[in-house]
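**Q** what follows is a predicted protein model with its sequence.
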Amino acid sequence: MTLCLTNSCRKLLGHTGQHDMYPSVPWAFMTVKDKDKLAKAGFATPRGGAKGAYQNHVLRSNRVIVPFERLSQAPVASYQDGYVIRIYPDQYFDAPGQIKPTFSQAGAPQVGTNAFVLYRTHDQLASFPPPADWNVRSLSLNGIQVNERVSGAIDSGEYVLRIAAHGNNAARSDGPPQGIFAPEYANENTNYLAKCVLAWLTSHTVDSPYVATQAQHLETILQDAGIFEPHEWEAMGLLRGGLTCCPLCMKHIRYSELHDQVSFADESSLLNASEQVVNATRSTVVNLFHMAPLTYSDVEHTPQNVAWGHAICNTKLGQRKCYPLSELIADGSKVGIVDQEGLISTFGWISESLEMIRSPAGAVWIRIVEDHLSAEDQSSLIEFLENHRDE
């Protein structure tokens, strides 16, 4: 197969219709439910996002909200679709109407221009009320006020209200969504290529209704981008024997798991969780999985970082990197058990960060909490345990 590449078009050479750099044709062979899952993977959907003035269920290639306290670490130059800075009232004001000196300095965020103040509580509103010359944020298109953020719309105003009801005080919500959750950002090209990877992995799940030839257009696009690397995906745990895997537990993913509702019944480590959430979760067994967590300091939703993984594995991994077994063998250290005679029996490899241990057979140990004892306290605890080993 050969791509058109006229004006960066990724349709096949000789196609009909207009050129398109981001065509959906490569996964046109898939069912509607698979297409919907791909579309969802391309959306920014933070939980409870409305409270932070975030846009939900929109493409990742949108303007992002950068919290003021994260501004120094945010890769603002990577936000090709723009950004706006969120500031809380107590960050902006020293007292009612008295702006902190920080915001008078050169290069500081300018409320009403590239920043807005977000009121989250009635106490904030009472303690630091908006100045008389401030207005609630609004959007206009060609001079006419609009309710939704659309291309070409212009922001005005200084503050947004997202205040929950409290006591006798009613809830208040004024001002349109200001942008997406910054860690979920990806520009249009990166987001598209990530969807291509996920579509290819979908077609290679166990019992997939698709055949390899149907994914050739996807392969051609990924090859053109220099990121079609099945051997690397095997090493990372995305594939095993050419079939899609969960990168954490390394089990093959069955096609049906992309759409079946998750159950915790077989998870002994979660005890009675299955009884607590039955009929209360809409998560599928397998969802979007990131090998490295999404953070404010980097753009991590990339084709090199996405996979399909079990929802339960995603939950267990949390905000940690998923270390592939191959990486631990190459860069980590062996770990083992020392018995009472001093004999060592190794059983796996541990990451240099000490966050994850893997056995060659697929068992995984994840560090849950950081050390919080001083070196002196640790020595005392070890001495105590040694002295009371036989009790």
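**A** Perfect, I can see it now.
**Q** break the chain into its domains for me.
**A** In terms of domains, the chain is parsed into 22-40+187-317, 46-184, 325-385 (source: automatic domain parsing).
**Q** for the first one, give the mean pLDDT please.
**A** Which is domain 22-40+187-317. Mean per-residue pLDDT for domain 22-40+187-317: 91.
**Q** quote the end-to-end distance of that domain.
**A** Taking CA to CA, to the nearest Å, the first and last residues of domain 22-40+187-317 lie 32 Å apart.
**Q** not counting sequence-adjacent ones, nearest residue to the residue nearest the centre of the chain?
**A** Centroid-nearest residue in the chain: L294, 4.4 Å away (criterion: CA atoms, centre = their mean). The spatial neighbour of L294 that comes closest, neighbours along the chain excluded (CB to CB, 6 or more residues apart in numbering), is P183 at 3.8 Å. No exception for glycine: its C-beta is placed from N, CA and C like everyone else's.
**Q** from Q319, how far off is that neighbour?
**A** Separation of P183 from Q319 (CB to CB, to the nearest Å) stands at 10 Å.
**Q** now do the strands in the stretch 151-300 of the chain.
**A** For the stretch 151-300 of the chain, applying DSSP state E, counting those that start in this stretch gives strands covering 154-156, 159-163, 172-174, 180-181, 239-240, 243-244, 286-290.
**Q** now tabulate the ones you listed in TSV and tack on mean neighbour count and distance to K40.
**A** Output for these, formatted as TSV (neighbours: other CB atoms under 10 Å; distance: least, CB to CB, whole Å):
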stretch	mean neighbour count	distance to K40
strand 154-156	14	27
strand 159-163	21	24
strand 172-174	13	25
strand 180-181	24	14
strand 239-240	18	22
strand 243-244	21	18
strand 286-290	22	8
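**Q** now for those strands, which one comes closest to Y54?
**A** Proximity to Y54 (CB to CB) singles out strand 180-181 among the strands of the stretch 151-300 of the chain, at 5.5 Å.
**Q** strand partners of that closest one, parallel vs antiparallel please.
**A** If you go by DSSP bridges, strand 180-181 pairs up with strand 64-67 (parallel).
**Q** pLDDT averaged over the strand it pairs with - what is it?
**A** Here the average pLDDT along strand 64-67 is 96.
**Q** what separates the helix or strand following it from the chain centre, distance-wise?
**A** Past strand 64-67, further along toward the C-terminus, the next helix or strand under DSSP states H and E is strand 83-87. Here strand 83-87 is found 19 Å from its chain centre; the criterion is CA atoms, centre = their mean, to the nearest Å.
**Q** which strands and helices lie in contact with strand 83-87?
**A** strand 64-67, strand 115-119 (3 or more CB pairs under 8 Å, 6 or more residues apart in numbering; DSSP states H and E).
**Q** CA atoms only for the first one - export them in CSV, please.
**A** Once non-C-alpha atoms are left out, strand 64-67 reads as follows in CSV (Å, rounded to 0.1, in the frame of the first residue of the first chain):
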residue,chain,number,x,y,z
VAL,A,64,-5.5,23.5,28.1
ILE,A,65,-5.9,25.0,31.6
VAL,A,66,-2.6,25.3,33.4
PRO,A,67,-3.0,25.7,37.2
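**Q** buried set for it?
**A** Buried positions in strand 64-67, judged by neighbour count with 16 or more other CB atoms under 10 Å: 64-67.
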